[in-house]
Every structure is written in structure tokens, then in C-alpha cells.
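1. A predicted structure for the sequence below; I have some questions about it.
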Amino acid sequence: MLGDASNVAITGSVALALHLANLGCELVRRPANLDLLVNQTTMKNFRNVDADALYSKGFMRSAAAPDQLEWSNGHHKVRINAIESNVSPAGRGLGTSRYLHGLRVVPLSTLISNLESRALSELHNNQVKSDIAAVYTTLLNQRN
């Protein structure tokens with residue numbers, strides 16, 4: 001559906017959780033959704049996937065959010081966000097991503113830098129501030 005796997009990397013709260021788990025740390029918070037960092041070609045593929053093909057696999061897409069898919073099995077719901085690497089401020093890290101537990105993931109340093117940038121641009125976003133504080137606390141506790 002998305003093409004070559006090298007054009008996709010996990011970012012956001014799921015990537016952060018994977019890095020922290022790899023370090024033996026507890027989760028900062030439960031990930032809210034699955035953010036996928038993609039290149040321009042993959043974003044085009046993501047936007048052009050046939051609606052019937054998506055529906056047959058349990059996915060739904062809103063016309064208002066073409067870069068987002070939702071999947072539900074009746075008990076659990078997952079939101080998948082595609083983020084184009086050359087457009088979004090959070091798009092850093094696709095070229096430097098690495099494999100972690102068999103998944104391509106944006107580097108931890110890039111995730112922290114993205115959180116710091118968001119905190120500066122979204123001054124009233126308390127979730128971002130809380131995430132940064134929790135990540136730093138977790139990493140400091142890991143060192144001690």
C-alpha cells in the first residue's frame with residue numbers, strides 16, 4: 001500500500017515508546033496514534049489508495065483528513081497519521097532512521113528535538129511540555 005519500506009519510518013509517541021522500552025525505561029505515556037514519516041512518493045501512494053481496498057481491510061478515511069486512516073475491530077481503535085518528511089516541521093529523521101526491534105524508527109535525538117520545537121511553537125500545549133519533562137526525567141533516571 002505504501003511502497004518501499006525504506007520510505008517509511010515510525011515517529012511520534014510510538015517511536016518514543018519504542019526507544020524508551022529499548023533503554024529499559026517505562027513509557028512516558030500510552031501512544032495516542034501511529035505517526036508514519038513518509039517521503040513524497042509514499043505520501044502520494046497513501047493518499048491514492050482505493051477506498052474499497054481500505055474498507056476491505058477495516059480502514060476508514062475521512063475526506064477532511066486525507067493523510068489519516070482509522071482502523072477499528074470493535075474493541076480497539078487505531079489512528080494512523082502520514083507525515084510528509086519534506087513538508088512537516090516534524091519531518092526530520094527519515095534519512096537517519098534506524099531499525100529497532102525490526103521496525104524503522106526516527107532517532108531518539110530527533111524525536112526530542114521535534115518535541116522541543118513543538119513546545120516553542122505551541123506555547124499552550126501542555127501535553128507537549130509534559131512529554132518533554134517526562135522524557136528528560138526518564139532519561140536522567142536511566143543514567144543514575
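-> Received it, and whenever you're ready, just let me know what you need. Residues are numbered from 1 along each chain as shown.

2. alpha carbons only for contacts and neighbour counts from here, please
-> Fine.

3. looking at this protein, which helix or strand is least sure?
-> When the helices and strands of the chain are compared on mean pLDDT, DSSP states H and E, helix 126-143 comes out lowest with a mean of 81.

4. which other helices and strands contact it?
-> helix 108-121 (3 or more Cα pairs under 8 Å, 6 or more residues apart in numbering; DSSP states H and E).

5. got the angle for the helix it packs on vs helix 126-143?
-> Between helix 108-121 and helix 126-143, the angle comes out at 140 degrees (axes from the mean of the first three to the mean of the last three Cα atoms, to 10 degrees).

6. for helix 108-121, C-alpha coordinates in CSV please.
-> Taking Å, rounded to 0.1, in the frame of the first residue of the first chain, the C-alpha atoms of helix 108-121 are listed here in CSV:
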residue,chain,number,x,y,z
LEU,A,108,15.5,9.5,19.8
SER,A,109,17.5,12.7,19.5
THR,A,110,15.3,13.8,16.5
LEU,A,111,12.1,13.0,18.5
ILE,A,112,13.3,15.1,21.4
SER,A,113,14.3,17.9,19.1
ASN,A,114,10.8,17.8,17.5
LEU,A,115,9.2,17.9,20.9
GLU,A,116,11.3,20.9,21.8
SER,A,117,10.3,22.7,18.6
ARG,A,118,6.7,22.0,19.2
ALA,A,119,6.9,23.3,22.7
LEU,A,120,8.3,26.6,21.3
SER,A,121,5.6,26.9,18.6
